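>>> Let me see the structure of the following:
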Amino acid sequence: MININYGHNRDLLNACKPLNEYAWFIEKIRIKEKTMDIDKAVDEALKEMPDNFLIKPFIKS
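Here you go, the predicted structure:
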């Protein structure tokens, strides 16, 4: 099993940009979920996601 959480296995995450972006997104949701409900946390994380992330259009759709 490989840990793909943000901040772990940096070599793997650096080698795969979409996986790194996904790990970043999930980490942002986890942080925000501590102070708001999950739907709001996802919305806020998506707002913070840089426009140049390859996964952003897929997540928004």
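>>> what does the helix or strand of the chain with the lowest mean pLDDT rub up against?
The helix or strand of the chain with the poorest confidence is helix 10-15; it has a mean of 91 (mean pLDDT, DSSP states H and E). Residues from elsewhere that reach helix 10-15, judged by C-beta atoms under 8 Å, 6 or more residues apart in numbering: Ile2, Ile4, Tyr6, Leu19, Asn20, Ala23. In short, each C-beta sits where N, CA and C put it, glycine included.
>>> So which of the residues you listed are in helices?
Leu19, Asn20, Ala23 (DSSP state H).
>>> Contacts only, for Lys40.
Lys32.
>>> and the helix or strand hosting it, which residues are buried?
Per DSSP states H and E: Lys40 is located in helix 38-48. Buried positions in helix 38-48, judged by neighbour count with 16 or more other C-beta atoms under 10 Å: Ala41, Val42, Glu44, Ala45.
>>> who are the neighbours in contact with the second one?
So the one you mean is Val42. By C-beta under 8 Å, 6+ apart, the contact set of Val42 is Ile29.
>>> Number the chain from 520, please
With 520 as the first residue, the last one maps to Val561.
>>> Please report the distance of it from Ala534.
As judged by C-beta to C-beta, to the nearest Å, Val561 and Ala534 stand 26 Å apart.
>>> got it, and the last one?
Applying C-beta to C-beta, one obtains 23 Å for the distance of Ala564 from Ala534.
>>> I'm done for today, thanks for sticking with me.
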